[in-house]
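Chemist: Okay, here's the prediction I keep looking at, along with the sequence it came from:
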Amino acid sequence: MADTQELRKLVSEIIRKVLVGELSVKEALPLFPAGTGDKSIEAAFHALLHYEADEDLRARDLMYKEEQDDYLTLLFQTLEVGADLPDNIIKNYEKYYKSADIPMPNDFRSNLIRFWRFITFKS
């Protein structure tokens, strides 16, 4: 598995592509690396979820749109260098979510992990 800094750079690129319109949020979310346990990646995932949820508000309120775009720009620029997101950003999302439910890809390794979690949860 790639190291945390490389995964953060990958997430940075995903966010950048959303901001420039190369990816929709729905296309971007499944590209996030699953199971990293990295709080910065999880916070970025939640930020994109909120970005999508606020699509109507952004369309009606130009200042809100600019603030959200600036916020995602801060996230992608921070992650681009492999750095941690600021604690206040991480804690803001942790108030609402225990962890990010980043979808795992549908490949052999991911299916094996799902199966292992299933049998250990049932025990």
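Modeler: Cool, the structure landed.
Chemist: List the contacts of the helix ranked longest in the chain.
Modeler: Ranked by residue count, the top helix of the chain under DSSP state H comes out as helix 62-80. Under the contact criterion CB atoms under 8 Å, 6 or more residues apart in numbering, helix 62-80 has outside partners 8-9, 11-13, 15-16, 18-19, 40-41, 43-44, 47-48, 51, 54, 57-59, 84-86, 89. C-beta here means a position set from N, CA and C on the backbone, and glycine is covered the same way.
Chemist: number of nearby residues for Leu79?
Modeler: Summarising burial for Leu79: neighbours were counted as other CB atoms under 10 Å, giving 27.
Chemist: Need the pLDDT of it.
Modeler: Note on Leu79: pLDDT of 97.
Chemist: Once you drop chain neighbours, what's closest to it?
Modeler: Among residues not flanking Leu79 along the chain, Ser12 sits closest, at 3.8 Å (CB to CB, 6 or more residues apart in numbering).
Chemist: what helix or strand does the one you found sit in?
Modeler: With secondary structure defined by DSSP states H and E, Ser12 is part of helix 4-19.
Chemist: Just the mean pLDDT for that helix, thanks.
Modeler: For helix 4-19, mean pLDDT rounds to 95.
Chemist: picking that back up, just list the residues touching the residue nearest to Leu79, thanks.
Modeler: Leu75, Phe76, Gln77, Thr78, Leu79, Glu80.
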